[in-house]
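**Student:** with the input below, show me the fold.
(chains A and B)
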Amino acid sequence: MAMAMASLVAARLVQVQVVQAGTLREEAVNQQQRTLPLPALRGAILDRQDRPLAMTVPGDRRAKEAARRIYPRKRLASQVIGFVSPDGIGQGGTERALDAVLHGRDGTRHVGANAKGYLATTPDSHTRPPEDGSNVVLSLDATTQSVLERELQRCVETSGARAATAVLMDPRTGDIVAMSTYPSYDPMDPTASPMEARRLRAITDVNEPGSTFKVVAVAACLEEGLVDSETLVESCEELELAGGHVLHDDEDFGWVTVEETLTLSVNTATAQLARKAGPSVLFDYARAFGFGCVTGIELAGEASGILRRPAHWSGRSLETIAIGQEVSVTPLQLASAYAAIANDGVLMRPRLIVEIRDARGRVTRSVRPHAVRRVVSRETARSLRHMLTRVVEEGTGTEAQIPGISVAGKTGTAQWFDQKRHRYDPNRHVATFAGMVPAEEPVLVGVVVVDRPDGIGYGGQVAAPCFRRIVEGALLANPEPTILALNTLN
Amino acid sequence: MNTREGRGDRILLLTVLVLLGLGSATVFSSSTSVSTEFYGSSTHMFVNHLSKVLFGLILLLVCSRIDYKLVLRRKLVPPIVCGAMVLLALTLVPDFPWAVTVKGATRWLRVGFMVIQPAEIAKLALVIYVASILAQGEGRIRDYKRGFGRVLTVLGIFAVFLMLQPNFGNVLSLTLITVIMVFLGGARLAHLAGSGMGVVPAIGLVAVQKPHVMARLNTYLDPGADPHGAGFQLHQSLVALGSGGFFGLGPGSSRQSEFFLPDCHTDFVFAVLGEEFGLLGTLGVMVLFGVVLWRGIVISRRAKDLFGRYLAIGITAMIGVVAFLNMAVVLGLAPTTGLPLPFLSYGGSAMLVNLGGIGILLSIASRSSGKQRRVVV
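**Tutor:** Predicted coordinates:
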C-alpha cells in the first residue's frame, strides 16, 4: 500500500513538473515579472541660434522624480512652441506637430516582482533602452521674438485692443523669425489661460485683410500690362455696384495714378483696376499670392481662409474683394504674400522647422527654403515695393517710418465680423499693417493685426506704429540685417 | 546492511541528516522574504529553524541513548498519554493565556520561550500508547474490551480535542497511524471495519459542519474554480513545482516564496523544494523518505521485544503518513490539511517530535538482536 501511494505521488510529480511544466512556468513568469516603461527623454526645441525654448530636465529614478519639461524663456513664443500635457503628449504648436519626433521611443525594463508588488532586479531582468527624442531647430530668433512680444503687449495696452498678432518673416527664405499673439500663456501652466491665448492665431484665425489686399489688384494689372504706376484711374466719392450697393471713399480724389491708389488707399480706384483685370485674373493673382490655401507650415490647425471662385461671386464681389472684403486671410498668409513682393515676386513656403537632430546630434532632417512659385515678375515686384514705400513716406502708413531706412508697407482697416451674431459690427475694427524693410532689398517682412482696438483704430494709427517698433527692435537686436538670413542654415 | 548491536542505524541517521540539510536550505530561501516582512531580518526565521534542528538533534541523541523499555518499566505510558491530553485540552480553554491562535485555529501553546503544538506531542504519545498495548501480544488487541476498545477510546479523546481546535489534518494522521499499527499488531478485521463504519461517518458529520473544511474539500474537488481565492494556495504550489521543471531553478532561486505561495516555508516547503531542485529534488526527497521507511521497517523487524517492534512501526508510520499527506496536499491530490513535511518544514514541535522519534528508532536499533524477525508488512 505504501508503494501504491508513493507511485501515485511520483506520477503526479512527473505530471506537474514535466508534463505541465511549460504552461506552469509561463504562468510563473507572468506573475513574477513586470514590464516597466523607461521613458525617453523628450527632445528640446531650439531657436535658430540653438538657444533652448523648450527642454526636458531628466528625472531621478532613485528619487522617483519624473522628468520635467521646462520652458527657459517662460512665455516666449509659447503659441509656436506649445506645451506638454501631464501625460507627456505634446499639445499645440511644435510640441504637438512634432510630438513623435520630440518624444522619441520609450524603452522597457523587465524586472522581478513579488506578490506584494515590490520590484527588484533579477537575473532575468533585461532592458530595452529608450531612444531619446530629437531636438528641433526652429527658424525663430529668440531675441527678435522677445522684441515682437513686448511691442504687441505695448500695442494692446495702449490701444485697448482685445489682442494683437504679428508675424515677422525673412522674405528670402520664408523663415518665420518671430510670431506671436498677445495675450499669450504660460506653457508651464497652460490651463491658467483661456483657449484664445493658447491658440497660434497667426495661422488659425482669419480676418478680412481690408486695404492690405489692394496690392493684389494692383499687382495683377501691372503684371498683365494693363497699367503702369503712372496710369490714371478715375475715382469718385461713391461708386455704384451691382445690386444697388455703393462703394465709398472718404473724399472725391478724382483722377489718381495707380501709385496714388495705394498711397491714399482709394477704394473706388482699386475697384476700377479690378474691373480692368476682370474676375478670373483677380482670382488667379489672389490665389497665386497664396490666399485661400494653407501655406503648408508644419503646424496643426492652419486655416486656409476664404477666397471663393468667381463662379460663386455675386455681382459686386469683384470690387469688394479687390478692396479686401468678402475674403479672409490669416496673418501668416498676408505676411507670406507680402514676402513674395519683397522677394522679387517669388512666393516662398513659410519655414518654421529648420532642422531636426537626433539625440546624438546627427542631423536627421534639414528643411531647405522652398520657392512655391513666381507670382509676379521682378519688375512688377520692384514697382509694387516702390509704391508701398510711398505709402509709408506720404500716404496712410507714415507711422511706420524709420529714420535712415526705407520702409514699404500698406495699412488696412476692416470691420470686425461677429462670429456669434454672424454679421459685421460697425463699431469694431481689425487694424492691419503689412510692411517690409529695407524697401530696396527687404530682409524683413512684418504683419501686425490688431483685434478690435478702441475707437476707429485705423491700421495706420494702431498697427503701423507697432510694426515700426517691432522692426526697429529687430534691427537693433541684429545690427547687420543680413545676418538674419544666417546663410549657414540655408 | 547489517548493523552491529549497540551501533544504532547509521543509514537512517545519515538519511535524516540529508533531509534536514535539504529542508534547511529550502527553508532558508523560502523564509527570507516573509522573515524580512515580519521580523525585519532575512535570516531571523532561518536561525530560528536551525535552533530547532539543533535542539531536535540533541533530543535525538538523548532518546537514542536512553533505553526505550524504560517507558514500560517505569510505567510512564499513562502519564505521557494524560500529559498530552492535558496539553491538548489547554488549547481549548477559552482565552487561555498561553494559547496562540493562527488563521482562526488555536493549535499552539506558548510555553516559556517556545511555542509548542500539543497535537504533535499527542501523535507520539498515541504511538507509545498503542505500542504498549500491542506489546502485550495479539491476545490483548484482539480483546475488544481490554485492547482494541481502549485504543479506540484514547484515539477518540485525542480526535475530539483536535476537532475542537480545529485540526482535521492531525485527526486524519492519528487515525491512519493507529489503523496501521493495530492492523500490523493483529487486530480483528471485524473490529477495524466495525469502528470504521461507526467513526468515519461521525467524523464526516462534524467536519461538514465546519465551513473551512467544506471550503477546502470544494477547492480540492474543483481547484480551478477560484484561482485567486480558495484555490490560490494550491495553484501557486503547482506553479512553483511546474516552474521548477526537471532540474529546478537552482538552490536559493525560488520566486514563488516572494509572497506568491502562502506557507511556503512550512506546509508547502515541498513545492519550493520542487521549484529550486526540480523533479530530481522532489523524487530525491521521496527516495530519502523511502529509505527512512525502509530502515524503520528493518529496525522494527530486528527489535528484540514486541514493544520495540511496534514502537518502531508506529514512529515509522507517523513519519510516513504525515509525509505522504503533506506531499499529496502540495500536489493537489488531497485537500489542504495543515500538516508539515517531516524534517523539512519550518516548525518547532513537529521537528522535535520527529527527531525524538528517530532517536527512539535509533535506540531500538542499537538494542536489537541483529536478527530479522518476521513482521507482516
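**Student:** quick one, what contacts residue A:328?
**Tutor:** A:206, A:207, A:208, A:209, A:305, A:306, A:417 (C-beta atoms under 8 Å, 6 or more residues apart in numbering or on different chains). Just so you know, the C-beta spots here come from the backbone N, C-alpha and C atoms, and that holds for glycine as well.
**Student:** got a pLDDT number for it?
**Tutor:** Here the pLDDT value assigned to residue A:328 is 94.
**Student:** likewise residue A:487?
**Tutor:** The predicted local confidence for residue A:487 is 38.
**Student:** kindly report the same for residue B:64.
**Tutor:** 90.
**Student:** that one sits in which helix or strand?
**Tutor:** Residue B:64 belongs to helix B:44-65 when assigned by DSSP states H and E.
**Student:** outside of that helix itself, list whatever touches it.
**Tutor:** B:8, B:20, B:24, B:27-28, B:31-32, B:34-35, B:38-39, B:265, B:346-348, B:351-352, B:354-360, B:362-363, B:366.
**Student:** these in helices, which ones?
**Tutor:** Secondary structure assignment by DSSP state H places B:20, B:24, B:27-28, B:31-32, B:34-35, B:38-39, B:348, B:351-352, B:354-360, B:362-363, B:366 of the contacts of helix B:44-65 in helices.
**Student:** point me to the residue of chain A nearest chain B.
**Tutor:** Among the residues of chain A, residue A:24 lies closest to chain B, at 2.4 Å counting by C-beta to the nearest C-beta.
**Student:** what does the stretch 251-377 of chain B have sitting close to chain A?
**Tutor:** B:255-256, B:258-260, B:274, B:278-279, B:282-283, B:286, B:290, B:293, B:320, B:324, B:327-328, B:331-333 (C-beta under 8 Å from any C-beta of the partner chain).
**Student:** tell me the centre residue of the chain?
**Tutor:** Unless you meant another one, I'm taking chain A. Nearest to the mean C-alpha position of chain A, counting by C-alpha atoms, centre = their mean, stands residue A:203 at 4.7 Å.
**Student:** um, chain B though
**Tutor:** residue B:322 (4.2 Å).
**Student:** for the one helix or strand it maps to, name the packing helices and strands.
**Tutor:** Residue B:322 is part of helix B:306-330, with elements assigned from DSSP H and E. Packing contacts for helix B:306-330, counted by 3 or more C-beta pairs under 8 Å, 6 or more residues apart in numbering or on different chains; DSSP states H and E, involve helix A:2-14, helix B:118-134, helix B:168-184, helix B:269-302, helix B:348-366.
**Student:** OK, contacts around residue A:184?
**Tutor:** Going by C-beta under 8 Å, 6+ apart, residue A:184 touches A:75, A:78, A:79, A:149, A:193, A:197.
**Student:** distance of the second one relative to residue B:36?
**Tutor:** According to C-beta to C-beta, to the nearest Å, residue A:78 and residue B:36 sit 50 Å apart.
**Student:** of these two, who's got more company?
**Tutor:** Between residue A:78 and residue B:36, counting by other C-beta atoms under 10 Å in any protein chain shown, residue A:78 is the more crowded of the two (28 against 14).
**Student:** thinking again about what came up before, which one of the helices and strands packed on helix B:306-330 lies nearest to residue A:474?
**Tutor:** The stretch from the helices and strands packed on helix B:306-330 with the least distance to residue A:474 (C-beta to C-beta) is helix B:269-302; that distance is 72.7 Å.
**Student:** elements contacting that closest one?
**Tutor:** By 3+ C-beta pairs under 8 Å, 6+ apart, helix B:269-302 packs against helix A:2-14, helix B:10-39, helix B:232-244, helix B:306-330, helix B:348-366.
**Student:** any idea which helix or strand carries residue B:89?
**Tutor:** Counting by DSSP H and E, residue B:89 is found in helix B:77-90.
**Student:** what residues sit buried inside that helix?
**Tutor:** For helix B:77-90, the neighbour count (16 or more other C-beta atoms under 10 Å in any protein chain shown) marks B:77, B:80, B:81, B:84, B:85, B:87, B:88, B:90 as buried.
**Student:** output those residues in CSV; the columns should cover pLDDT and distance to chain A.
**Tutor:** Below are the buried residues of helix B:77-90 laid out as CSV (pLDDT from 0 to 100; distance: C-beta to the nearest C-beta, whole Å):
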residue, pLDDT, distance to chain A
B:77, 86, 27
B:80, 90, 27
B:81, 89, 27
B:84, 89, 26
B:85, 90, 30
B:87, 87, 30
B:88, 86, 28
B:90, 84, 34
